[in-house]
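A.B. asks: model this:
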Amino acid sequence: MQGLCQRRFNLQGVVRCGSISDPLDTRPAVTIQRSLFAAVVGTLLTTLGVAAAAAPVAATAAPITVRSAADLPRFSYPIKVSATQLLESDDATFGSFAAQVHRDIEHTLDNYLIEDKSTLSELLNARLALQELAGEYAAGLKTVEALRALEQKPAAKLLTGQFAQVRLQSAIDAGTASGPAYEKAFRVRYAETIAPMPWAVVQDGIRSGFGYSRTISRAAIVGRVTTELDPAAARSGALDSGQAWALIGSRVALKAVLPISSARGDVLRAYMVKNEVPKPDIWAAREVTLTAADKLTPVNVAIWDSGIDVALFPSQIFIDPTPSASGAHGLAFDDYGLPSTNWLYPLSDAQKAAYPAYREMIQGRLDLQNGVDSSAAREVQKKFQTLSPAEMHAMFETDNVLGHYVHGTHCAGIAVRGNAAARLVVARFNDDLPYLPFAPTQAWARQMTLAFQQLGDYFRTRRVRVVNMSWGDDAQEFETWLSKTGGGAGPVARKERAAALFALWKQAIQNAIRSAPDTLFVTAAGNSDSNVAFVEDVPASLREANLIAVGAVNQAGDETSFTSHGDAVVVHASGFQVESFVPGGVRLPLSGTSMAAPNVVNLAAKLFALDPKLTPAQTIDLIRRGASASPDGRLHLIDEKRSVALLQAERPAR
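C.D. replies: Numbering: from 1, shown residues only. Predicted structure coming up:
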């Protein structure tokens, strides 16, 4: 779900992409295989009310070609209890549920020709989790090989499935998946596996895994399921495929990952200490800083997002001579698409009180990853190890809101950095669709269409030159939203209803972009490591003359594990631990394509400030030609100095 992945921060300051399990254990890159073990549906137990999904159709002679995510089959798994209760149920009960899910995974792999690797990876990662839970260790090792063999990113080629592979092989070596002999086998094999890894390639993933090993707890696993999956079980009485896979991943985290997390952390820490060499940062050398001495033209830069703490940018805020219904700094809309006078997403008193601790938690998780023994890092570990599942759930609920709250301000700080001519325009709305408490309706979609049209008109009439769009949505996100709010009678009906709502949403965004042809729109590619065209993410998958999609790389210019990709992604920018303001004035380093997009906005705004006559097409051309390509041609890293030099060299001819 791109929208979730696009916007949400976890407590590491990294955009969370839906995986409740370990990020190193869920990297995609896959191939189609026949089932590696039989999917046998056991006797369904009624004590927890686990009911069977609809039986799949018989295998077809020729596979069904899947050209987009909309072509995939939908499955539903009715349950009469909460997902949290099912997570902690006995092995027989959970095994019955898992068998249903496994049957449908194998049916999909056997009967659908899926060329999109990211989608296949989700299926095979779910299969791998099921194999581990079932004790099918040898089969699981084959699945790991399939996952890793087709990975394209260098770090992922090494790390994909690595942790799971060591667990599986250690269980084979020790003849058991628990106890002292198993842990000893795991420590030895994991250290041997990690030791030869090239630090320059894998350090980001290693740090992430280390931070995870120091914060994983039963309370965190259970609390996350309560937050993310219980609403669907309560409102719809069922989980869809993605939710079922998340629950299975959480069961693996609870049963297989948690018991050896300390051992894993010890191994990773030893590797980090031995190899610690910071990656070089290429971005400072590419940066351009513009001052008033450069004879600049003011540039209006809109942040179409969750709002901006306007007090942080006193000399860089747009002042509208003809204020809108929201005020003089732009336009703001509430969750229902109605005008608002709040430039920032409004918080409750309880959320305001929790905000300082939230910021400290982000810093603490970053310190943990970097091996910094700080008070913030120690506090994070203490909370994750001492809070109850109910307390963790309450914290996650609050953090969901606060992650949205900080997002727009952080993007704004990146977009106007080093540009004295930039003037921030607020374009506030709420893209956290599955977290809205009401079910989506046609009336709501039409109201949002009106709001988006007002934004497009506002960008045109106020001569906004560049707009940052660090968000995205697809039809499956609407399905999840309907699931969590009780909309749709079943998976097929829910898919149809979601598709109709998404069609309105997509057209509204497209119309807004087209209504401001002299404005350049810059969008984030997304953080699910997906092909944006296959999942039909909007706006990243749109092809408009005044739109550019951006992927994320780290400080050294290496592709991040999370960044989405595809032909629609034109350039790449820094999206790993990018420092900027959050509301209140604190600066935090956050990660995601949400941070990469405003770096491109920053460059575009500087080009417009130097030459206000530039068109969006000319600006995109300067950005593309100034970018440096990676040796394999996969990445195109922006370079402000080169693009500005191209502009200055060619300006007399314009």
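A.B. asks: what comes up buried for the helix or strand containing Leu366?
C.D. replies: Assigning secondary structure by DSSP states H and E places Leu366 in helix 349-369. Within helix 349-369, the residues that count as buried by 16 or more other Cβ atoms under 10 Å are 351, 354-355, 358-369. Every C-beta, even on glycine, is put in place using the N, C-alpha and C of the backbone.
A.B. asks: next, count neighbours for Glu88.
C.D. replies: Neighbour count for Glu88, taken as other Cβ atoms under 10 Å: 17.
A.B. asks: what pLDDT does the closest residue to it other than its chain neighbours get?
C.D. replies: Leaving aside its sequence neighbours, Glu88 sits nearest to Val222 (Cβ to Cβ, 6 or more residues apart in numbering; 6.9 Å). pLDDT for Val222: 98.
A.B. asks: burial count for Val222?
C.D. replies: Neighbour count for Val222, taken as other Cβ under 10 Å: 21.
A.B. asks: wait, is it part of a strand?
C.D. replies: No: if the criterion is DSSP: H, G, I helix; E, B strand; the rest coil, then Val222 is helix and not within a strand.
A.B. asks: was I right about it contacting Met392?
C.D. replies: Yes: Val222 lies in contact with Met392 (Cβ atoms under 8 Å); the separation is 7.3 Å.
A.B. asks: and the gap between Ser643 and Asn527?
C.D. replies: Ser643 is 25 Å from Asn527, where distance means Cβ to Cβ, to the nearest Å.
A.B. asks: tell me which of those two has more neighbours.
C.D. replies: Between Ser643 and Asn527, counted using other Cβ under 10 Å, Asn527 has the larger neighbour count: 31 against 24.
A.B. asks: for Pro589, grab the count of nearby residues.
C.D. replies: 16.
A.B. asks: excluding chain neighbours, what is closest to it?
C.D. replies: Nearest in space to Pro589, with sequence neighbours left out and distances taken as Cβ to Cβ, 6+ apart, is Gln577 at 3.9 Å.
A.B. asks: is that neighbour in contact with Leu366, as I believe?
C.D. replies: Yes: using Cβ under 8 Å, Gln577 is in contact with Leu366, at 7.2 Å.
A.B. asks: please, where are all the helices along the stretch 201-350 of the chain?
C.D. replies: With DSSP state H, counting those that start in this stretch, the ranges of helices along the stretch 201-350 of the chain come out as 218-228, 230-236, 241-252, 261-275, 349-369.
A.B. asks: output the below-cut-off pLDDT ranges for the protein.
C.D. replies: Residue ranges of the chain with pLDDT under 70: 1-61, 488, 652-654.
A.B. asks: farthest-separated two in the buried residues of helix 349-369?
C.D. replies: Greatest spatial distance in the buried residues of helix 349-369: Gln351 and Gln369, 25.9 Å, computed using Cβ to Cβ.
A.B. asks: please, which helix or strand holds Pro517?
C.D. replies: When elements are defined using DSSP H and E, Pro517 is found to belong to no helix and no strand.
A.B. asks: can you get me a residue count around Ser315?
C.D. replies: The tally of other residues near Ser315 (other Cβ under 10 Å) stands at 8.
A.B. asks: from Asn511, how far out is it?
C.D. replies: 34 Å.
A.B. asks: with Arg127 instead?
C.D. replies: Plainly put, Arg127 is 41 Å away from Asn511 if you go by Cβ to Cβ.
A.B. asks: between the two, which one's more packed in?
C.D. replies: Each of Arg127 and Asn511 has its neighbours counted (other Cβ under 10 Å); Arg127 has more, 29 against 13.
A.B. asks: how far away is Leu109 from Pro63?
C.D. replies: The gap separating Leu109 from Pro63 is 10 Å, by Cβ to Cβ.
A.B. asks: which one's more surrounded, those two?
C.D. replies: Under the neighbour definition other Cβ under 10 Å, Leu109 and Pro63 were set side by side, and Leu109 has more, 21 against 14.
A.B. asks: what residues of the helix or strand harbouring the more buried one count as buried?
C.D. replies: Assigned by DSSP H and E, Leu109 belongs to helix 91-111. Of the residues in helix 91-111, 93-109, 111 count as buried by neighbour count, 16+ other Cβ under 10 Å.
A.B. asks: and for stretch 220-228?
C.D. replies: Buried residues in stretch 220-228, counted by 16+ other Cβ under 10 Å: Ala220, Ile221, Val222, Gly223, Arg224, Val225, Thr226, Thr227, Glu228.
A.B. asks: separation between the first one and Thr160?
C.D. replies: So that's Ala220. Going from Ala220 to Thr160 by Cβ to Cβ gives 23 Å.
A.B. asks: between the longest helix seen in the chain and helix 218-228, how big is the angle?
C.D. replies: Assignment by DSSP state H gives helix 389-415 as the longest helix of the chain. Angle, helix 389-415 to helix 218-228, by axes from the mean of the first three to the mean of the last three Cα atoms, to 10 degrees: 70 degrees.
A.B. asks: buried stuff in helix 389-415?
C.D. replies: Along helix 389-415, these residues count as buried under the neighbour rule (16+ other Cβ under 10 Å): 389, 392-396, 398-415.
A.B. asks: can you check stretch 423-439 too?
C.D. replies: Neighbour-count burial for stretch 423-439 flags 423-436, 439 (criterion: 16+ other Cβ under 10 Å).
A.B. asks: narrow the residues you listed to those in strands?
C.D. replies: The members of those that map onto strands under DSSP state E are Arg423, Leu424, Val425, Val426, Ala427, Arg428.
A.B. asks: turn the residues you listed into CSV, columns for distance to His636.
C.D. replies: Output for these, formatted as CSV (distance: Cβ to Cβ, whole Å):
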residue, distance to His636
Arg423, 28
Leu424, 27
Val425, 28
Val426, 30
Ala427, 27
Arg428, 31
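A.B. asks: what is the nearest of the residues you listed to Thr563?
C.D. replies: Closest approach between those and Thr563, by Cβ to Cβ: Ala427, at 24.1 Å.
A.B. asks: return the distance of the helix holding Leu366 from the chain's centre.
C.D. replies: 19 Å (Cα atoms, centre = their mean, to the nearest Å).
A.B. asks: for it, packing partners?
C.D. replies: Counting contacts by 3 or more Cβ pairs under 8 Å, 6 or more residues apart in numbering; DSSP states H and E, helix 349-369 is packed against helix 199-215, helix 375-386, helix 389-415, strand 587-590.
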